[in-house]
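Novice: When you get a sec, could you give me coordinates for this:
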Amino acid sequence: MPIERRGVRALQIWCRRVTDSYDDVNILDMDSSWRDGLAFCALIHHFRPSLIDFHNLNQENILENNTLAYKVAEEGLGIPSLLDPQDMLDTEVPDKFSIVTYVSQFYHLLKDEDNSRSPSLPKKERMNTSYDSADNSPPGTPKSVPRSLFISSNPILRNNKFSPQNTPLIQSFKDKSQVTGVTVSAVCKAFETKVNICQER
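Specialist: Numbers count the residues shown, from 1 in each chain. Sure thing, here's the model as predicted:
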């Protein structure tokens with residue numbers, strides 16, 4: 001099986017673990033299972049329950065659910081919105097690679113906050129990932145933005161609007177001709193490498 005396919009499958013398994021307890025969320029794939037926006041909202045709610053009132057969301061509100069998820073992810077987690085809520089409403093099967101790229105950002109940002117990364121690994125202590133005024137973080141940086149966004153070697157995470165050294169990756173995605181060095185294959189390969197390291201421990 002190609003590395004990219006295995007990496008996507010591993011990402012899907014992680015997403016299923018994280019959203020397993022949520023009604024109306026059943027991640028069977030990395031395209032149509034995400035269309036109604038509830039999977040994105042559940043992913044955020046699992047790690048930051050104060051950011052989304054998940055239990056008042058309606059599965060029929062595709063546009064509203066996706067709009068909420070992307071806005072909260074960007075403002076509360078520093079994850080740039082690479083998807084368009086209107087596209088999710090207009091297509092029966094959303095673009096798989098766009099979703100994989102977007103969801104990979106959640107994995108890299110949140111994977112160490114609980115034991116969802118691998119059932120065989122013990123739950124890790126949450127590190128103090130918030131910034132205070134003495135940290136010289138950029139103005140407007142949410143308190144929930146982890147330090148990994150600033151020091152990550154992953155180009156998707158490095159290019160966020162809160163990074164003092166880079167412009168948001170979303171700007172590059174608006175003009176596809178500017179995208180360089182970031183591929184779904186590279187993200188999936190990095191993801192699978194980390195999964196393999198964890199399974200060997």
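
Novice: for this structure, what helix or strand is lowest in average pLDDT?
Specialist: Least confident helix or strand, the chain: helix 169-174 with a mean of 47, by mean pLDDT, DSSP states H and E.

Novice: downstream neighbour of that one in the secondary structure list?
Specialist: Once helix 169-174 ends, the next helix or strand along the chain (criterion: DSSP states H and E) is helix 184-200.

Novice: Now do that next one: which elements does it pack against?
Specialist: helix 3-19, helix 96-110 (3 or more C-beta pairs under 8 Å, 6 or more residues apart in numbering; DSSP states H and E). (C-beta placed from N, C-alpha, C; glycine too.)

Novice: Put the alpha carbons of the last one into CSV.
Specialist: If I follow you right, that is helix 96-110. Provided in CSV are the C-alpha atoms of helix 96-110 (Å, rounded to 0.1, in the frame of the first residue of the first chain):
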residue,chain,number,x,y,z
LYS,A,96,-10.6,14.3,-0.2
PHE,A,97,-7.1,15.8,-0.4
SER,A,98,-8.3,19.2,0.8
ILE,A,99,-9.9,17.6,3.8
VAL,A,100,-6.8,15.5,4.6
THR,A,101,-4.6,18.5,4.4
TYR,A,102,-6.9,20.5,6.7
VAL,A,103,-7.5,17.7,9.2
SER,A,104,-3.7,17.0,9.3
GLN,A,105,-3.3,20.4,10.9
PHE,A,106,-5.6,19.3,13.8
TYR,A,107,-3.6,16.1,14.2
HIS,A,108,-0.2,17.8,14.4
LEU,A,109,-1.5,20.5,16.8
LEU,A,110,-3.5,18.3,19.1
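
Novice: Quick one: work out the angle between that helix and helix 3-19.
Specialist: 60 degrees (axes from the mean of the first three to the mean of the last three C-alpha atoms, to 10 degrees).

Novice: Could you check the angle helix 96-110 makes with helix 184-200?
Specialist: Using the same axes, to 10 degrees: helix 96-110 against helix 184-200 is 40 degrees.

Novice: list the buried ones in helix 96-110?
Specialist: Within helix 96-110, the residues that count as buried by 16 or more other C-beta atoms under 10 Å are 97-110.

Novice: Using JSON lines, lay out those residues together with distance to residue 186 and pLDDT.
Specialist: Below are the buried residues of helix 96-110 laid out as JSON lines (distance: C-beta to C-beta, whole Å; pLDDT from 0 to 100):
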{"residue": "97", "distance to residue 186": "12", "pLDDT": "93"}
{"residue": "98", "distance to residue 186": "15", "pLDDT": "94"}
{"residue": "99", "distance to residue 186": "16", "pLDDT": "95"}
{"residue": "100", "distance to residue 186": "12", "pLDDT": "95"}
{"residue": "101", "distance to residue 186": "10", "pLDDT": "94"}
{"residue": "102", "distance to residue 186": "15", "pLDDT": "96"}
{"residue": "103", "distance to residue 186": "15", "pLDDT": "95"}
{"residue": "104", "distance to residue 186": "10", "pLDDT": "94"}
{"residue": "105", "distance to residue 186": "13", "pLDDT": "94"}
{"residue": "106", "distance to residue 186": "17", "pLDDT": "95"}
{"residue": "107", "distance to residue 186": "14", "pLDDT": "93"}
{"residue": "108", "distance to residue 186": "12", "pLDDT": "91"}
{"residue": "109", "distance to residue 186": "17", "pLDDT": "92"}
{"residue": "110", "distance to residue 186": "20", "pLDDT": "91"}
